[in-house]
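J.: just to be clear, the model below is a prediction. Sequence and coordinates:
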Amino acid sequence: MFGDLPFENQGQIVPVLVPVAVAGPYSYKVPEDMQVRPGSIVRVPLGSRSVIGAVWDGEADKSVNPKKLKSIQQVFSADPLQEDLRRFVDWVANWTLGAPGMVLRMVLRSEEALEPEKQVLGFRRIPGKEPERKTAARQRVLDLLDDGMAWTKAGLSGAAGVSPSVIDGLKDHGVLETTLLPATPPLPDPDPTLPGPTLTDMQKEAAERLVAAVGNGFKCFLIDGVTGSGKTEVYFEALAEALRRGQQTLILLPEIALTSQFLDRFERRFGVRPAEWHSQVPARRRERTWRGVANGEVKVVVGARSALFLPFCSLGLAIVDEEHDGAYKQDDRVPYNARDMAVVRGHITGFPVILASATPSVESRVNAQLGRYDLISLPERASGAAMPELVGIDMRTDGPERGRWLAPSLVKAMQETLTAGNQVLLFLNRRGYAPLTLCRTCGHRFHCENCSAWLVEHRFRGRLVCHHCGYSQPIPDKCPECGKPDSLVACGPGVERIGEDVADLFPEARVLVLSSDLPGGTERIKREMDLIERGEVDIVIGTQLVAKGHNFPLMTLVGVIDADLGLANGDPRAAEKTFQLLAQVTGRAGRINGGGKGFLQTYNPDQPVIQALLSGNPESFYDVEIESREHAGLPPFGRLAALVVSGPDRVSAESYARHVVSVAPVDSPVSILGPAEAAMAQVRGRFRFRILVIARRGFDLQGFLRAWLQRVNQPKNNIRLQVDIDPQSFM
DNA sequence: AGCACGCCGACT
DNA sequence: GTCGGCGTGCTC
């Protein structure tokens, strides 16, 4: 197989990347009768077990004790990993501060995929041979085999409606012969020549820019297109070009968006379904896709973030849809953002990458502003329908009476919508009945025993539930503090409580309350969504579950119950996330037929998020966000392994980075608390880590870091820490 | 004594 | 990530 290798390496020592959290490859001997080269996928002994790794680039580590060296046990028949993929693995490891072997593990996910798929036994006719006795069953089998094609036994007996023994009989009589079939016939390629949809002028221009980039090396595009602008149709044209060039395409979607709807759309455009890649695809099919991607049989993969690590042999385009979506972030094991790593893979291999969103993330917008990405704007809906007209309701002046949650102007609009035979969506991103329960006699508040969060009343289930850790208890009939019966009051609304309001106001309407805790799970939610789509519901009250997915043709009014929700929780992305969520949910109004309206109930109509939504001009909002983040010292692009923080930003900072080395009290300028060992423990298994220090202006950061280094580098800690102060490196 | 569990270091 | 060694502490 490797007869034409440029070098002979039997008996030599080669570096092998193994799936353990160590800094680099281990060294292994190559047995006399074996040939490997960089990228070869091998089985090697490691400690008491045997693991799968890959021969890596460079020289084997000469300093390792030769007595320790073990031999490679086996070379898998799968093609060696290509050079660009190897460089990508190294790059991701370096960026995420993870071990390269752990990144490689994401490439080599299933051992079965590394050997050729088992062939299955097929049956076909021997030309000219007839059975001596022809029964009806035998005739049906022979009719099916008339065209000379081979069938599997199970397929044939099923199709002919006979028992498998009929086929055995025919074989014994010398009428049929067996042959080996590939376990699965290769799928037909997606067809780029099928007629696409008619594009608007704006879409056409965007598509042309993308098409021109395919095959011309790396370039990153950001498609900023409003809901309904036809982003998908536009990037499908680039995909068609990649297909015409015989190149592969990867489409990344957030896990939640991987619905059959997208696959249907793909099939309508290209005639076949693409290969799918996510955790719910059965192992068998995943193995097949892995092999197909490596040997070029699979042309298009639609997948979740892990699809980025597939061993494509001729990847020519990557598309990241909903690029702002947090589902692209992996938090456990190797922490990475698949959106950014897709850009890196494109850069290394040399192909264009398309990021698409109706509400781009702040960092992607920064990258577009800086000229790193090419911005493509699609500000209009492809159908010609106008974007919904959004209205803000100032709850301080135009709010509802006490104990009600819907402002009179929203109620009036709902009435009009229902009279016109259309649907209303009321959006409130809070499950349950009420977020806080307290005793009106003694003021006792119900806290979670485990995590001190407030317990959310779920009246339907009759329980108080902690949305943080899942703890729940029945709703008591008297206060546990003062013992007063019937003294508990629910404060604030959840979707269930809005449902109560709506039932009072619109007793005739068919109302559906939809949240992720709906009994019946995903299946039930799917069914309810279909119900809405068919127009069998008048008013939908939902959490963020209803923000994306299905299209509802009759939905022309969206009311946001609490547009301020989520803005005060200390997340540095709070404003950005709220903007994205509300843009998405209000974008549902009149998406298909136009004429939609949206109402935002708010206590602060002047804040940038609300202003950006109402004006339909997000630019200013993004500018504010970018500026405020730079001011706070938070990089738009994060690659932090550790974070040291002080001052009022500490809560935000905690949710910003996972590895918080230390958190200082709010009133101290900046400090690192606890022993250095504790700080180091946070980054165990890492060999380098980056630290972001957020300090007040005028603070002596250099002096602080010097002192910290001195403390950490005490001999007893057995640590050598160096700090390279380079604020630019975070960008 | 016997073993369950958790911590820690080694793995080429 | 996974395994084995070793210490602690609890039970038959």
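T.: Perfect, I can see it now. Residues are numbered from 1 along each chain as shown, chains lettered A, B, ... in the order given.
J.: low pLDDT regions in the stretch 151-300 of chain A?
T.: For the stretch 151-300 of chain A, applying pLDDT under 70 flags the ranges A:182-184, A:256-258.
J.: count the residues that sit near A:Gln615.
T.: That one is not Gln; residue A:615 is Ser. 12 (other Cβ atoms under 10 Å). Any C-beta I mention is one placed from the backbone N, CA and C, and that applies to glycine too.
J.: and stretch A:301-309, how far out from the chain middle?
T.: Distance, stretch centre to chain centre, for stretch A:301-309: 9 Å (Cα atoms, centre = their mean, to the nearest Å).
J.: list of residues touching that stretch?
T.: Residues outside stretch A:301-309 that contact it (Cβ atoms under 8 Å, 6 or more residues apart in numbering) are A:103, A:106-107, A:109, A:248-255, A:258, A:262-263, A:266, A:274-279, A:289, A:293, A:310, A:312, A:318, A:327-328, A:330, A:336, A:338, A:341-342, A:345.
J.: so of these, which ones are in helices?
T.: A:103, A:106-107, A:262-263, A:266, A:289, A:293, A:338, A:341-342, A:345 (DSSP state H).
J.: about what we covered before: would you list the buried entries among the contacts of stretch A:301-309?
T.: A:103, A:106-107, A:109, A:248-254, A:258, A:262, A:266, A:274-277, A:289, A:293, A:310, A:312, A:318, A:327-328, A:330, A:336, A:338, A:341-342, A:345 (16 or more other Cβ atoms under 10 Å).
J.: now the ones in helices among the contacts of stretch A:301-309 as JSON lines including distance to A:Phe446?
T.: Listed next are those as JSON lines, based on distance: Cβ to Cβ, whole Å:
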{"residue": "A:Val103", "distance to A:Phe446": "45"}
{"residue": "A:Met106", "distance to A:Phe446": "43"}
{"residue": "A:Val107", "distance to A:Phe446": "48"}
{"residue": "A:Phe262", "distance to A:Phe446": "42"}
{"residue": "A:Leu263", "distance to A:Phe446": "45"}
{"residue": "A:Phe266", "distance to A:Phe446": "48"}
{"residue": "A:Thr289", "distance to A:Phe446": "49"}
{"residue": "A:Val293", "distance to A:Phe446": "52"}
{"residue": "A:Ala338", "distance to A:Phe446": "39"}
{"residue": "A:Met341", "distance to A:Phe446": "43"}
{"residue": "A:Ala342", "distance to A:Phe446": "45"}
{"residue": "A:Arg345", "distance to A:Phe446": "49"}
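J.: near DNA strand C too, which of those?
T.: Of the residues in those, proximity to DNA strand C by Cβ under 7 Å from any atom of the strand holds for none.
J.: if we take those residues, which one ends up nearest to A:Asp562?
T.: For those, the minimum distance to A:Asp562 (Cβ to Cβ) is 30.7 Å, reached by A:Phe262.
J.: ok, that closest one touching A:Arg268?
T.: No. The pair A:Phe262 and A:Arg268 fails to qualify as a contact (Cβ atoms under 8 Å) at a distance of 10.8 Å.
J.: near DNA strand C, which residues of chain A?
T.: A:19-22, A:46-49, A:102, A:105, A:332-333, A:685.
J.: let's see which of these end up in helices.
T.: Per DSSP H, the residues of chain A next to DNA strand C map to helices at A:102, A:105.
J.: what sits against the closest residue to A:Asp143 other than its chain neighbours?
T.: Nearest in space to A:Asp143, with sequence neighbours left out and distances taken as Cβ to Cβ, 6 or more residues apart in numbering, is A:Ala160 at 7.8 Å. A:Ala160 makes contacts with A:137, A:140-141, A:143-144, A:166, as judged by Cβ under 8 Å, 6+ apart.
J.: A:Leu239 sits in which helix or strand?
T.: For A:Leu239, the host element (DSSP states H and E) is helix A:231-244.
J.: quick revisit: determine which two of the contacts of A:Ala160 are furthest apart.
T.: Across the contacts of A:Ala160 (Cβ to Cβ), the longest gap, 12.8 Å, separates A:Asp143 and A:Val166.
J.: now do the closest residue to A:Arg463 other than its chain neighbours against DNA strand B, distance only.
T.: Leaving aside its sequence neighbours, A:Arg463 sits nearest to A:Ser472 (Cβ to Cβ, 6+ apart; 4.7 Å). Using Cβ to the nearest atom of the strand, to the nearest Å, A:Ser472 is found at 25 Å from DNA strand B.
J.: show me where the stretch 251-400 of chain A has its strands.
T.: Ranges of strands in the stretch 251-400 of chain A, per DSSP state E, counting those that start in this stretch, are A:275-277, A:300-303, A:315-321, A:329-330, A:336-337, A:352-357, A:374-378, A:389-394.
J.: turn the ones you listed into a markdown table, including distance to A:Val42.
T.: Output for the strands of the stretch 251-400 of chain A, formatted as a markdown table (distance: least, Cβ to Cβ, whole Å):
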| stretch | distance to A:Val42 |
| --- | --- |
| strand A:275-277 | 24 |
| strand A:300-303 | 25 |
| strand A:315-321 | 24 |
| strand A:329-330 | 26 |
| strand A:336-337 | 25 |
| strand A:352-357 | 31 |
| strand A:374-378 | 41 |
| strand A:389-394 | 59 |
